[in-house]
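Colleague: Dropping the sequence and predicted coords here.
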Amino acid sequence: MIEKMHEKSNGIVFKVIFALISISFVLGGIGAGLTGVDSSAVKVNGEEISQQAFNSSKGRQQSLMNEQMGERFWDLLDNPVYVAQFHQSILDGLIDDELLRQYAQQLKLGISAEQIKAQIVNTPAFHQDGKFDNSLYQNALRNAGLTADGYAAVVYEGLLFSQIQEGIVNSNFSVPVQQELLAKLLLQKRTVRLATFPVLNELEKQTATVEELQKFYDEHKDSFINPEQMAVEYVTITPAELAKNVQVTDDQIKTFYETNKSKYVTVGEARIAHIQAANENDAKVIEQALRNGEDFAKVAKEKSADKLSAAQGGDLGWAKPGIFPKTFEDTANSLQVGQFSQPVKVDGNFHIIKVLERNVESAIPLEQVKNQITETIRNELVLNEYSNVTREMANQAFESSGSLENVAKVANAQTHKTTVFTRNSVPAELNNEKVVRALFDTEIGANGQNSEAIEIGDSANPKTIFVRAFDYKAQSVQSFDEAKNAIEQAVKLQKAQAALLAKAKTQVEALQKGEAVNLPFGQAQDVVFAQAQTQSPAMLQTIFAMAKPTDKATYQASQNENGDVVIIALDKVADGTAEEFKPFATQISQADQVILRNDLIKDLRNRAKIEYNQDFIEQINNTKQ
């Protein structure tokens, strides 16, 4: 978490959110904080983490997982074990954050309003021509619809955790001796030559008696399995297939327009400027100057305590209803264009407000939105028809459980049948995790009954399928005769590998003694320990376990990932150097920081009193996601 929180102040996502912080920061500083009262999800050293906080974090995590995994994530939420693990991971994250927050309080760390404002001004997303642009800032703020209090907590926490992260970075160091040792081990380079003996060539020379085959079968019977298999009948339906049955009338369009008329208006908005003063006396002096004819923008630049908008002559940009605090907005609404107000107290400061421009609300004619309304109504009617049809199909699937014929009739659809398949050879039209689980992990595969409705589409493209298995065969152990060919192949392979290894070991012994042995060694190749861990691990383990050569090569027999026998000639070993290690030093340091952060969290958890609300946890784990 700590490295993630560090990224909140430097990463793109954090900067975008940071750039959208509420306008009331400009109007009067940071809000008072989050003060809602909720039942707890968990308490950490007596400090409550609310159920609302859990649900908010869960929503964000679900959105993230949906972006990463799509429909598969929602399928996983059908698994109660996964749901419990998912919820626990969210709780763990919230607990870790609260522990770090409390730790920061103990260290007397803090973030000021000025630091937050400074970050806004220096955010590139709000720069135009190299300077902070208040209009750009205001537009993004309006689009985001964020509140000061809610986002103040996010920003404060992100910067706070960043301070802790910096402390971890500063406490983490490695001495040159450590880096030299790591370089020697991780970047060690071994020069080898390989002589490979394909096992398939040797396998052709092997024979196997009936007694050997029977013995191998008896010892490995559980390895020779006929997998569960079945054929499947299925019916699918989509909204698009039902769309031809739906017609939209003019009366429906007109009724929808009249019912939702408030949606078809251009929203009124005003371009507003203000001058902020710290107290009422200063505000009255400024007001008098304006009434004496001084230019509003000029006075704002010289006198306003809000330095962000002051640089723009007090201009706060265009604002829709609900953006500003109520008192501020009510005052602005009472003004004519070009008129400024008396001083108004908002969030502990005094403001003189001026309306620069105003766009009034106006209705959009039906003809301009008729096509849009028609499409909206059509989509709703199609989805309603889809819902009704799939519900009736589900009823028929239950009532006529041994056939999908009546299910298909409801939607005027066709039934389809597959040939026999196993779990590893599911036809493309059924290759959906929900369908596979229904067929192979429930009783419907074996009992030949209709499935329930299975949604295999997504929110943008719904699709429902009903399936029924037939020609079902349960998993079974193969008889000796069924498995005979595979048994013979396995016995011969075993013999071939043993023969090649025995021969290779004899040749290695001769080579170690200095005897001449004619072997098909390939060209010399360099193998670096850190870069080779994903390649043939078994053989590489042998290479890096071999004794270093002195005046002549050393030899060892091994096997590669194909089972071929390989004689390795190790010609030279060169330890890595500190210079070669430099490109990896940052990665190692980051890994060390993660370890330090985890150690810190572990220590804080060991000393903390963590009290879970078991009723709440049971409730969320038993609620369908």
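Modeller: Nice, I can see it. Predicted model only: the values in this text are computed from it and were never measured.

Colleague: For the rest of this, base every contact and every neighbour count on C-alpha atoms.
Modeller: Fine.

Colleague: close enough to count as contact, Leu439 and Gly445?
Modeller: Yes - the pair Leu439 and Gly445 passes the contact test of CA atoms under 8 Å, sitting 4.7 Å apart.

Colleague: and these two? which has more neighbours close in?
Modeller: Gly445 (28 against 23; other CA atoms under 10 Å).

Colleague: any shared contact partners between Leu439 and Gly445?
Modeller: Counting by CA atoms under 8 Å, 6 or more residues apart in numbering, the contacts common to Leu439 and Gly445 are Ala469.

Colleague: so where's the stretch 151-300 of the chain uncertain?
Modeller: Applying pLDDT under 70 to the stretch 151-300 of the chain picks out residues 151-155, 165-179.

Colleague: ok, which stretches of it are helices?
Modeller: For the stretch 151-300 of the chain, helices defined by DSSP state H, counting those that start in this stretch occupy the ranges 176-186, 199-203, 210-219, 239-242, 250-259, 280-291, 296-303.

Colleague: what's the most buried one of those?
Modeller: With neighbours taken as mean count of other CA atoms under 10 Å, the helices of the stretch 151-300 of the chain reach their highest mean count in helix 296-303, at a mean of 19.

Colleague: Now do it against helix 280-291, angle only.
Modeller: In terms of direction (axes from the mean of the first three to the mean of the last three CA atoms, to 10 degrees), helix 296-303 departs from helix 280-291 by 150 degrees.

Colleague: So what's the gap between helix 296-303 and the chain middle?
Modeller: Put simply, helix 296-303 sits 47 Å off its chain's centre (CA atoms, centre = their mean, to the nearest Å).

Colleague: Run through who's touching that helix.
Modeller: If you take CA under 8 Å, 6+ apart as the criterion, helix 296-303 is touched by 274-277, 286, 290, 307, 310-315.

Colleague: Among those, the buried ones, what's the ChimeraX command?
Modeller: Selection of the buried residues among those in ChimeraX, burial being defined by 16 or more other CA atoms under 10 Å:
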select :274,275,276,277,286,307,310,311,312,313,314,315
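
Colleague: sorry, back to before: what would the helices of the stretch 151-300 of the chain look like in a markdown table with distance to Leu76?
Modeller: Listed next are these as a markdown table, based on distance: least, CA to CA, whole Å:
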| stretch | distance to Leu76 |
| --- | --- |
| helix 176-186 | 39 |
| helix 199-203 | 42 |
| helix 210-219 | 38 |
| helix 239-242 | 25 |
| helix 250-259 | 39 |
| helix 280-291 | 60 |
| helix 296-303 | 57 |
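
Colleague: quick one, which of these is nearest to Ala557?
Modeller: Ala557 lies closest to helix 199-203 among these, at 13.8 Å (CA to CA).

Colleague: contacts for the closest one?
Modeller: Taking CA under 8 Å, 6+ apart as the rule, helix 199-203 contacts Lys492, Leu493, Lys495, Ala496, Gln497, Leu500, Gly563, Asp564, Val565.

Colleague: Select from those every entry located in helices.
Modeller: Among the contacts of helix 199-203, the ones falling in helices (DSSP state H) are Lys492, Leu493, Lys495, Ala496, Gln497, Leu500.

Colleague: out of those, which is most surrounded?
Modeller: Highest neighbour count within the ones in helices among the contacts of helix 199-203, by other CA under 10 Å: Ala496, with 24 neighbours.

Colleague: ok, that residue - contacts?
Modeller: Residues in contact with Ala496 (CA under 8 Å, 6+ apart) are Val199, Leu200, Glu202, Leu203, Lys205, Gln206.

Colleague: What separation do you get for it and Glu204?
Modeller: 8 Å (CA to CA, to the nearest Å).

Colleague: Output the contacts of helix 296-303 in JSON lines; the columns should cover distance to Lys298.
Modeller: Formatted as JSON lines, those follow (distance: CA to CA, whole Å):
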{"residue": "His274", "distance to Lys298": "12"}
{"residue": "Ile275", "distance to Lys298": "10"}
{"residue": "Gln276", "distance to Lys298": "13"}
{"residue": "Ala277", "distance to Lys298": "15"}
{"residue": "Ile286", "distance to Lys298": "11"}
{"residue": "Leu290", "distance to Lys298": "10"}
{"residue": "Lys307", "distance to Lys298": "13"}
{"residue": "Ala310", "distance to Lys298": "9"}
{"residue": "Ala311", "distance to Lys298": "10"}
{"residue": "Gln312", "distance to Lys298": "10"}
{"residue": "Gly313", "distance to Lys298": "6"}
{"residue": "Gly314", "distance to Lys298": "9"}
{"residue": "Asp315", "distance to Lys298": "11"}
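
Colleague: In the contacts of helix 296-303, find the pair that's most separated.
Modeller: So, these by CA to CA: farthest apart are Leu290 and Lys307, at 18.9 Å.

Colleague: What mean pLDDT does the strand or helix carrying Glu375 get?
Modeller: Using DSSP states H and E, the element containing Glu375 is helix 366-399. Helix 366-399 carries an average pLDDT of 93.

Colleague: How about stretch 92-99?
Modeller: Averaging pLDDT along stretch 92-99 gives 91.

Colleague: go on, stretch 443-461?
Modeller: For stretch 443-461, the mean pLDDT works out to 90.

Colleague: just stretch 528-537 next, same as before
Modeller: Stretch 528-537 shows a mean pLDDT of 70.

Colleague: For it, measure first residue to last.
Modeller: In stretch 528-537, first residue to last residue: 13 Å (CA to CA).

Colleague: Would you convert the contacts of helix 199-203 into CSV that also reports distance to Phe126 and pLDDT?
Modeller: Shown next, in CSV, are these (distance: CA to CA, whole Å; pLDDT from 0 to 100):
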residue, distance to Phe126, pLDDT
Lys492, 72, 95
Leu493, 68, 95
Lys495, 72, 95
Ala496, 71, 95
Gln497, 68, 94
Leu500, 70, 95
Gly563, 61, 90
Asp564, 62, 93
Val565, 64, 95
